[in-house]
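Enquirer: build me a model from this:
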Amino acid sequence: MPRGQKNTLRARQKRHQARGETQGLRGAQATATKGEAFSSSPPPFGATTQRKRGAGSRGAPKRPQRALPTTTVSAGVSRTRSCKGANSKIEKKQSASQALLSAVRSQRDPLSNAACMLVQFLLHRYKVKKPIVKADMLKIISKKYQNRFLEILKRASFSLEVVFGVDLKKVNLPKHSYILVSKMDLPHNGTVSPGKGFPKSGLLLNLLGVIFMKGNCATEEEVWKFLNKMRVYAGKRHFIFGEPKKLITEDLVKLKYLEYRQVPNSDPARYEFLWGPRAHAETSKMRVLEFLAKINHTIPSAFQSWYEEALKDEEERVQATVTLKADTSAVASGSSSVMSSSNSHP
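Expert: Model (predicted):
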C-alpha cells in the first residue's frame, strides 16, 4: 500500500478511536450524573434547589442547582386519588371520605388495592377517634390476601405517613391494637378546619422541607412550582388539601406554622414563606429531613449539606435546652436561699 494511503488510513483510525473515547467519556459522565442524582437523593417533586442567601442561611455554603426527581408523595397522592368512588366493604360505615378514598377494583396490583382500602378504613377510624385493631382491619381485606397482611399494612402505613403526615403505631401487642399519631399538632385531628377533610400534616412537612432546602426562605413562585408537581394548584380545590392557596397563605399562617411576608423592596409586590414559630416549636430541620429522606427511600445524610445544617441546628437546640435548665435551676436555688434566709430571721 502506498505511503500516502497508509498515512490516510492511520489518521482515519486515530480519528475513529478519539471519537469513540469521547463518546465513552460522555456516556460515563451521563451515567455518573444519573448515579449522583439518585445516590444523593435530591429533594422532592422535581423542583430545583439553588441555595439562596436568605433568612437563616448565614455562612451556609451555596449549593449547586440540580434537578430533582418526582417522588413517592406525588405517586402516593395519585394512588389515593385512584381509590375514589369504588365499592367497599366498609361503605355503609363511612362518610364522604369513603367516596374519595374507597378502593378501585381494577387490573392494578391487588395488594395496592387492599392497601388503599386499608388507608380509607384507618383514616375513618382516626377521624371518629375509634380504636384500631388487627381483627377489624382483616375484615376489609379479601381472605385471599390476608396471609400478606403485614405487607399490606406496611404499604398503607407508608401512604398515611407521606401523604397525610400521620404515623401508625402499635400500642397493645397482645390485642394488636394501633393508633394514628399526627406528626404535627394541627387542630381538628390535622384537618385544620372543623368538619370534613383530611389531615394536612404531610403537606405542611413538605412545605417546611422546601423552605429549608431553599435557604430557609422560599419565594411564593418556588412554593407553587413545588405544589404544581403534586398537581396542587392555586384556586383549584384539591380532593385532599382543599383550597390550597387559602390553606398555605391564611390558615397555616394564622396557626403560626408558616410566615408569609412581602419580599423587601419588591415592586410589584412579591411574597415569600418562612417557618413560623409553631413549626420551630413542634419540629426541627432534622425531623423534616428524615421525612423527606423517607419519601425518597434514602437516609438523611444523603442530603449532605442540609444534613450538616440540620445537625448544627440539633446541637443548638440541645445547648439552648441545657442553658434554659441551668437558668431555671439557678432561679429556683436563688428563691430557696431567699426563703431560707427570711425564715432564719424572726
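
Enquirer: okay, now the domains of the protein?
Expert: 82-182, 201-305 (automatic domain parsing).

Enquirer: winner for burial among the ones you listed?
Expert: When you average the neighbours per residue for each of those (mean count of other C-beta atoms under 10 Å), domain 201-305 leads with a mean of 18. The way it works is simple: take the backbone N, C-alpha and C, and place the C-beta from them, glycine included.

Enquirer: tell me which of the domains of the chain sits nearest to Lys312.
Expert: domain 201-305 (8.8 Å; C-beta to C-beta).

Enquirer: quick revisit: now the domains of the chain in CSV, with distance to Gln319 and mean pLDDT?
Expert: What follows is those, written out as CSV (distance: least, C-beta to C-beta, whole Å; pLDDT from 0 to 100):
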stretch, distance to Gln319, mean pLDDT
domain 82-182, 28, 79
domain 201-305, 14, 95
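
Enquirer: got TSV for the ones you listed, with distance to Ala320 too?
Expert: As requested, the domains of the chain are exported to TSV (distance: least, C-beta to C-beta, whole Å):
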stretch	distance to Ala320
domain 82-182	25
domain 201-305	11
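
Enquirer: Val192: which of the ones you listed is closest?
Expert: With respect to Val192, and counting by C-beta to C-beta, the nearest of these is domain 201-305 at 5.2 Å.

Enquirer: OK, contacts around the residue nearest to Ser142 when sequence neighbours are not counted?
Expert: Nearest residue to Ser142 in three dimensions, chain neighbours excluded: Ala114, at 6.8 Å (C-beta to C-beta, 6 or more residues apart in numbering). By C-beta atoms under 8 Å, 6 or more residues apart in numbering, the contact set of Ala114 is Ala103, Ile141, Ser142, Tyr145, Ile152.

Enquirer: so what does the residue lying closest to Val133 once chain neighbours are set aside look like in phi/psi?
Expert: Nearest residue to Val133, sequence neighbours excluded (C-beta to C-beta, 6+ apart): Ser177, at 4.8 Å. Ser177 adopts backbone torsions of phi -100, psi 150, taken as degrees, to the nearest 10.

Enquirer: how about the helices in the protein?
Expert: For the chain, the helices defined by DSSP state H cover 3-39, 72-81, 96-101, 110-128, 134-139, 149-159, 201-213, 220-229, 244-246, 252-254, 277-282, 285-295, 304-344.

Enquirer: who's the closest residue to Thr219 other than its chain neighbours bridged to?
Expert: Excluding the flanking residues, the one nearest Thr219 by C-beta to C-beta, 6+ apart is Glu272, at 4.9 Å. Here Glu272 sits in beta bridges with Thr219, Arg261, as judged by DSSP bridges.

Enquirer: many thanks, we can stop here.
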